[in-house]
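> pasted the sequence and its predicted model underneath.
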Amino acid sequence: MELVGDRRGQSIQIGAVLLFGVLIIAFSSYQAFVVPDQNREVEFNHNQEVQSDMQDLRNAIVSVPGSTSSRAVSVSLATRYPSRLVARNPGPPSGSVRTNGTTDMQYNITVRNAAAAGETGDVWNGTARPYNTGTIAYSPNYNVYSNPPTTYYGHSVAYNQFPTANLTLSEQTMVNGRDITLVALNGSLRRSSGGSTTVDVRPVSRSNDPIIVSNDASTSNVSVSVPTRLPESKWEELLADEIDSNPGDLSNDRYVADVTATDGPGPYYNLTITFERGADYRLRMAKAGVGDGVSSEEAAYLTDVGGDGSVAKGDSADLVLEVRDEYNNPVQGVTVHGGVDPGSDGSLTDSEKVSGNDGRVTFEYTTTQSASTGIQNINFSYRGLGDGFSASEPENVTMDVRVTANGGGGGSVNGFSSTSVSNLEADSSGLNQTVSFSPADQSIGAGETVYINFDDAQQSTVNYENYEIADLPPGVSVEDSNVDTGTGTFTVTLSADNPIATTDTVSFTVVGVDTGSQAGPLDVDFVREDTGDSETASFNVGGGGGGKAGDSVVSTGSKTYDGDKGFQFTIENRNSRSVTITNISVSVGDSSVASLFEQNGGEYDPYQHEVWIDSSSGSDGVVEMSGEPYYDEDSTEMPLDTVQELNENAVVNSGSLATVYMYQFYKNNKAKSVAGKDVTVELGFQDGSTGTYEFTSVDST
């Protein structure tokens, strides 16, 4: 019997096979398209995160000039893909962070044509000074995200470099008006992994105090050259607010004359920033160490910071010197030797001193009642005072102290008759006051000199740098003049072509533009070079009027920060004495901003507090709403339009700068931008005065 075939199960089998094929195709599509897209998003998000890490690293490095300790910055080198039940991920991505050029001297910051006055000029004499530096780069190795950028830090700027474009992530801080801030990188760093790494930024050489430099000749310009991977056009954008469109105009707070870039070394450009002639620049330098092989800095030169002046017979004077490294920053623990020049009178109480944390040593020079009047030379060195001592060597200093007879104050004293000095009064044209003296006991011979010392011992606020001697009588000329802001003395040497008889009166006019602020007594010493005899006359500055500290503390510039949620501006103390800032009030001309609320935490650094006042010379001030130097969970907001006392007062010395940082503007638990808004800041000073600084139409940065 023949059996007939049974086909009843074939449709089910065929359906199962077709369904399985559909599943295979769907899974293959998921593996081929969906998984890579998801992983590409993971990689892209990680790249955004690491860019933020590199900006944190940049902030740590540019803060080195004001830092006292290391800062640790975490950098996420790579990421991980999400776990998948069926589909498979490729191998985990990786990344690397490394330094470039920091061990090769062809990569350097070079400062040219910068000259300083006094002993600092032994080193800063206009010759080119190179400092090794480099960049830090993060390079990712992703599986899916194609052509990601390499993220660099170099010379205060964080930026992304794509194959065909460059995108900056921060502003530059190298140039701000007449302030030049250079931070060199040192050390070797190379780390690769699939996780995170911590980069320690160490302040190898740092100080808030700048040196003052200017072009060393009428035909030269101060310039700074740096290696960079950013082209000239990008630096022109970064420096747009500093480039002077009207070269030679020193009144517009723009001092960059030119920005040029040439090829080399290697894949870098050599960028040169040229500054205008005729201006004094505040040069601040620092050295930041990262990774291994960070080198320390030794003493490079010795300079005097206070004590050049005069001392009466039988009195003493403090002579202050500072040991500095090649970055112009203090060096601790260096022994400085001191000795009186053979043939000079007087003595030092100590023959050697060791520099402290501020790099300074103070020697006391004492004279006897029988000491000869005139200039006495005192020599100092951290190398030794043996034969061949030369004050022109960087490690040596000779300080000149004028020994005078005991001064008087009116009548016929020490060879001078009564000195007639009237009150000095400031008016719209500044100071313009006649000062007179007459020889009493004997005439002043032809070619002999009289030293006129305006001694600011009473801490009055005459700005000596704006003064000159004018309207001299026939036969008397200005032979030399010297401003020593460290001792508050303006010394003018008058040379008489003909003898000045005892019946003659020598008159001259003190001409000034800015008297500073607070009135007070001022001493004028008239000293004869031939005998050392002197007489002191006292008078008031400002006619006894009452100026205040805030009158001569002026704003020099501002900028926004971090998507315009932070704000900073710089002030300059144009008083001839220090000022103390005790409180602050901040206003924004927009109801959408209500307070300052900082959450970064950290040490005394920019944008680590509601308000931080970084004084270049003096002491820093802070508003930290928790009452502590670090952010904690108990912090509260600082309301706007309200006077807020500083937790620690800021002191800004005469002629120095201070930058006021505010972070971040806040309302309803959200950070707020101040771009395009009016910002007004009122600073309160210890003497009860205030200074108001208004910034309109704040530009986004």
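Arrived safely. These numbers come from a predicted model, not from an experiment. Residues are numbered from 1 along each chain as shown.

> going by C-alpha atoms from here, please, whenever you check contacts or count neighbours.
OK.

> any idea which residue sits dead centre in the protein?
Taking CA atoms, centre = their mean as the criterion, R284 is the residue nearest the geometric centre of the chain, at 4.8 Å.

> name whatever forms a beta bridge with it.
Under the criterion DSSP bridges, R284 forms beta bridges with T181.

> if I pick T173, what's in contact with it?
V62, S156, V157, T181 (CA atoms under 8 Å, 6 or more residues apart in numbering).

> what is the end-to-end distance of stretch 200-213?
Stretch 200-213 has an end-to-end distance of 32 Å (CA to CA, to the nearest Å).

> what residues of stretch 158-175 count as buried?
Under the neighbour-count criterion of 16 or more other CA atoms under 10 Å, stretch 158-175 has 158-161, 166, 168-175 buried.

> and the two most separated of the residues you listed?
Q161 and V175 (22.6 Å; CA to CA).

> from the contacts of T173, pick the one nearest E237.
V157 (12.3 Å).

> what bridges to the closest one?
Under the criterion used (DSSP bridges), V157 bridges to G154.

> tell me the contacts of it?
With CA under 8 Å, 6+ apart, V157 has these contacts: R58, T168, L169, S170, E171, Q172, T173.

> export the residues you listed to JSON lines and tack on distance to Y301, secondary structure and pLDDT?
Shown next, in JSON lines, are these (distance: CA to CA, whole Å; DSSP: H, G, I helix; E, B strand; the rest coil; pLDDT from 0 to 100):
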{"residue": "R58", "distance to Y301": "30", "secondary structure": "helix", "pLDDT": "96"}
{"residue": "T168", "distance to Y301": "38", "secondary structure": "strand", "pLDDT": "96"}
{"residue": "L169", "distance to Y301": "38", "secondary structure": "coil", "pLDDT": "96"}
{"residue": "S170", "distance to Y301": "35", "secondary structure": "coil", "pLDDT": "95"}
{"residue": "E171", "distance to Y301": "33", "secondary structure": "coil", "pLDDT": "95"}
{"residue": "Q172", "distance to Y301": "30", "secondary structure": "coil", "pLDDT": "96"}
{"residue": "T173", "distance to Y301": "27", "secondary structure": "coil", "pLDDT": "95"}
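
> would you reformat the residues you listed as a markdown table and include distance to D216?
Formatted as a markdown table, the contacts of V157 follow (distance: CA to CA, whole Å):
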| residue | distance to D216 |
| --- | --- |
| R58 | 33 |
| T168 | 34 |
| L169 | 36 |
| S170 | 33 |
| E171 | 30 |
| Q172 | 26 |
| T173 | 25 |
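
> specify which member of the residues you listed is nearest to V201.
Using CA to CA, these come closest to V201 at R58, 9.9 Å.

> check the offset of stretch 191-211 from the chain's centre.
18 Å (CA atoms, centre = their mean, to the nearest Å).

> may I see the buried residues of it?
So stretch 191-211, judged by 16+ other CA under 10 Å, has buried residues 191-192, 194, 196-197, 199-211.

> of these, which belong to strands?
Counted as lying in strands by DSSP state E, out of the buried residues of stretch 191-211, are R191, S192, S196, T197, V199, D200, V201, R202, P203, V204, S205, I211.

> just send these back as CSV, with distance to T692 and pLDDT too.
CSV is the format used below for those (distance: CA to CA, whole Å; pLDDT from 0 to 100):
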residue, distance to T692, pLDDT
R191, 49, 94
S192, 51, 92
S196, 46, 91
T197, 45, 94
V199, 41, 96
D200, 39, 96
V201, 36, 97
R202, 37, 96
P203, 34, 96
V204, 37, 97
S205, 35, 96
I211, 28, 92
